[in-house]
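>>> Below: sequence and its predicted model.
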Amino acid sequence: MGFKSHVGLLASLITTLLVVSYVVWIAIRSDVSLQRDHVIVDSSIITLPLPRKLSNMSVEEAILLRRSIREYTSDPVKLEHLAMILWAAYGVTDPVWGFRASPSAGATYPLEVYVVIGEWGVLVEKEGYLTPGVYKYDVHRHLLLLVKSGDVRGELADAALGQEWVRNTPVSLVVCAVFERTTQRYGERGRVRYVPMEAGHLGQNVYLMSTALGYGSVVIGAFIDDRVQSIIGVRQDEIPLYIIPIGVPREQRRIDFTDIWRYIEVKRSG
Ligand SMILES: Cc1cc2nc3c(=O)[nH]c(=O)nc-3n(C[C@H](O)[C@H](O)[C@H](O)COP(=O)(O)O)c2cc1C
């Protein structure tokens, strides 16, 4: 074998080595990122990203696009989006008095918001997914506090008379009311009017913020109260009023203001 063929052999060996190392490097890299994607962020206190303007959708567009959505993809909800939805629901909008995003009779704020997170339900950018479980939204510190671990979506769907959208959604809010906070001041009127009205305000904020961020939701009133209470692990005086699943809609809704104009014109001419 001559000198030239030795050099040729060496060159092809080096090339093969380089190609193999490159392929191995790519494989290791993708494996690492896959693992990182599936890391569980295991903490009993989740610091939520601070509220900020995230969407470019106007209030008009969000109201037009909002619909009760019951079919979701398996995509997770991003933590920064969940944080915004929670803030829009009941977060603080007045640092002096502690007033909230939803109005409340006499600022008595009877509502508590719990978050049921399923497996691979909430994605923390570059870190992984939150531990499935039930969390409480700490309004003033803008935190999630772990109440109990484990994916309870199935049990919650059963308690909601088998409504499948509760089972299939990555995240559900459970809105509970401590009626005494309002009835102490307003009596029976607080129980039958003010507190349910306030849950409605909160629900609409969740709908609109979810829509603006590309998610769908539906407010659910049909469930067995005491079963929901024991599934999410709340006190007896915290009465569940709404379950609100949130997820990426399976179908994007298409509607324009011109569709509404046509509808109104037809009604006017009829
Ligand atoms: C108080 C209340 C309770 C509701 N309960 C349920 C429910 O248990 N399950 C459900 O799928 N939708 C429920 N909905 C959603 C309604 O079905 C929905 O708002 C209605 O069909 C109108 O559709 P839209 O929200 O897309 O405008 C409820 C809505 C309200 C306001």
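Happy to help now that I have it.
>>> Tell me where the stretch 101-250 of the chain has helices.
Counting by DSSP state H, counting those that start in this stretch, the stretch 101-250 of the chain has helices at residues 153-159, 164-168, 180-186, 188-189, 195-212, 225-232.
>>> if you compare those helices, which one is most tucked away?
helix 195-212 (a mean of 22; mean count of other CB atoms under 10 Å). All C-beta spots, glycine's among them, are computed from the backbone N, C-alpha and C.
>>> wait, S104 sits on E198?
Yes. Counting by CB atoms under 8 Å, S104 does reach E198; the two are 5.4 Å apart.
>>> where do the contact lists of the two overlap?
Contact with both S104 and E198 is made by residues 110-111, according to CB atoms under 8 Å, 6 or more residues apart in numbering.
>>> Who are the contact partners of the closest residue to the ligand within the stretch 51-200 of the chain?
Residue nearest to the ligand within the stretch 51-200 of the chain: S68 (3.5 Å; CB to the nearest ligand atom). Applying CB under 8 Å, 6+ apart, we find S68 in contact with 217-219.
>>> What of G214?
So G214 contacts 81, 248 (CB under 8 Å, 6+ apart).
>>> What distance do you get for it to the ligand?
For G214, the distance to the ligand equals 17 Å [CB to the nearest ligand atom, to the nearest Å].
>>> got it, and E265?
22 Å.
>>> rewinding a little: quick one: the helices of the stretch 101-250 of the chain as CSV, columns for distance to A89 and mean pLDDT too.
Formatted as CSV, the helices of the stretch 101-250 of the chain follow (distance: least, CB to CB, whole Å; pLDDT from 0 to 100):
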stretch, distance to A89, mean pLDDT
helix 153-159, 18, 98
helix 164-168, 18, 97
helix 180-186, 17, 98
helix 188-189, 24, 98
helix 195-212, 5, 98
helix 225-232, 16, 98
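>>> got the contact list for E80?
Contact analysis of E80 by CB under 8 Å, 6+ apart lists 49, 54, 125.
>>> Near the ligand, list only the ones from these.
Among the contacts of E80, none lies close to the ligand by the criterion of CB under 6 Å from any ligand atom.
>>> any idea which of those has the most stuff around it?
Greatest neighbour count in the contacts of E80, by other CB atoms under 10 Å, goes to P49: 17 neighbours.
>>> now that one, what's its secondary structure?
Here P49 is coil, with the state taken from DSSP: H, G, I helix; E, B strand; the rest coil.
>>> so which helix or strand takes in the residue nearest to it when sequence neighbours are not counted?
Closest residue to P49 apart from its sequence neighbours, by CB to CB, 6 or more residues apart in numbering: E80 at 4.4 Å. According to DSSP states H and E, E80 maps onto helix 79-90.
>>> what residues are up against the residue nearest the centre of the chain?
For the chain, the residue nearest the mean C-alpha position is L82 (4.2 Å; CA atoms, centre = their mean). Residues near L82 by CB under 8 Å, 6+ apart: 48, 115, 122, 171, 246.
>>> hang on, the last one packs against G216?
Yes. In this structure, I246 is within contact of G216 by CB under 8 Å, at 7.4 Å.
>>> tell me, what's touching those two both at once?
Common contacts of I246 and G216 (CB under 8 Å, 6+ apart): S210.
>>> Just the local confidence number for G8, please.
On the pLDDT scale, G8 is placed at 66.
>>> hang on, I meant A27
43.
>>> quick thing: my sequence starts at 26, can you match it?
Noted, 26 is the first residue going forward, which turns the last one into A52.
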